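**Q** next come a sequence and a model predicted from it.
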Amino acid sequence: MIVKKAEHVITAVKPNQYPSTGYPEIAFVGRSNVGKSSIINTLVNRKSLARVGGTPGKTRQINFYNVNDTFYLVDLPGYGFANVSKEMKASWENIIETYLYSRKENNLKLIVLLVDIRHSPSKDDITMNQWIRGFGLNTLIIATKADKISKSQINLRINDIKKVLQLSNTDKVLPFSSEKRIGIEAVWSEIDEKLRK
Ligand code: GDP
């Protein structure tokens, strides 16, 4: 993918704020701190299009990034509920659910679930994986921060992630590193394929 243009178009809370251009969308979801902002920046080759590092309030917002005036990368709010109230969790679920329902039929071509390559997927990750597959969406798992383990460990960790998420043989888990720029082509190739369909 040659990225000629990448710009933030809107931070949306409600569906009437989503872009209405009809471009296809590729959405990213994962627990807070998994490296979601970083992967978006890395894919479009920009240092700080998406913010890196937590900001309060981010849990309720959806950010849309226009790429080449042809599609959007969509940054869904991160999860990780150890320290949040029930109300906040419910509000997060509502925001994601509203997005998925309103986009699943037409715009949403692929949802990318990010997990940290170093750890077995958490309960939240497992729930999220089941939830998005329940919508019948194309799903790609990306294992982030691959630079933090040795090359020889990568396949072992990928296999563990597949096992814990109970993926089928045809489901892919791609290793990625924003830091060391690992996996960029493989991820773009998956995105390209879904955009062409
Ligand atoms: P988000 O909360 O999911 O958007 O995560 P961020 O992109 O803000 O990243 C969270 C933290 O992980 C930051 O300190 C990043 O510098 C770090 N990080 C993100 N991606 C990588 C990576 O590929 N390798 C390493 N070593 N650190 C990363």
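**A** That came through, no problem.

**Q** is the least confident helix or strand in the chain by mean pLDDT up against the ligand anywhere?
**A** Every helix and strand of the chain was ranked by mean pLDDT, DSSP states H and E. The lowest is helix 86-103, at a mean of 89. No - counting by C-beta under 6 Å from any ligand atom, the ligand is not contacted by helix 86-103; separation bottoms out at 13.7 Å. Where you see a C-beta, it was placed from the backbone N, CA and C, and this is true even at glycine.

**Q** residues contacting that helix, please?
**A** Contact partners of helix 86-103, identified using C-beta atoms under 8 Å, 6 or more residues apart in numbering, comprise 13-15, 18, 25, 27, 29, 59-62, 74, 76-77, 79, 81, 84, 108, 111, 132, 135, 137.

**Q** partners of the helix or strand following it in the sheet?
**A** Using DSSP states H and E, the next helix or strand after helix 86-103 towards the C-terminus is strand 108-116. Sheet pairing here is set by DSSP bridges, and for strand 108-116 it gives strand 25-30 (parallel), strand 139-144 (parallel).

**Q** next one, pLDDT for Tyr72 please.
**A** Here, the pLDDT recorded for Tyr72 equals 98.

**Q** now the strands for the protein?
**A** Taking DSSP state E as the criterion, the chain carries its strands at 6-12, 25-30, 62-67, 71-75, 108-116, 139-144, 173-175.

**Q** export those to CSV and tack on distance to the ligand?
**A** Formatted as CSV, these follow (distance: least, C-beta to the nearest ligand atom, whole Å):
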stretch, distance to the ligand
strand 6-12, 14
strand 25-30, 6
strand 62-67, 10
strand 71-75, 8
strand 108-116, 7
strand 139-144, 6
strand 173-175, 10
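
**Q** reformat those strands as a markdown table; add mean neighbour count.
**A** Shown next, in a markdown table, are the strands of the chain (neighbours: other C-beta atoms under 10 Å):
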| stretch | mean neighbour count |
| --- | --- |
| strand 6-12 | 15 |
| strand 25-30 | 24 |
| strand 62-67 | 21 |
| strand 71-75 | 23 |
| strand 108-116 | 23 |
| strand 139-144 | 23 |
| strand 173-175 | 20 |
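
**Q** can you lay out those strands as CSV showing distance to Leu100?
**A** Shown next, in CSV, are the strands of the chain (distance: least, C-beta to C-beta, whole Å):
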stretch, distance to Leu100
strand 6-12, 14
strand 25-30, 8
strand 62-67, 11
strand 71-75, 11
strand 108-116, 7
strand 139-144, 12
strand 173-175, 21
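
**Q** low-scoring stretches of this protein, by residue?
**A** Where the chain drops to pLDDT under 70, the residues are 53-59, 81-83.

**Q** most remote residue from the middle of it, which is it?
**A** Distance from the C-alpha centroid of the chain, by C-alpha atoms, centre = their mean, peaks at Ser152 (25.5 Å).
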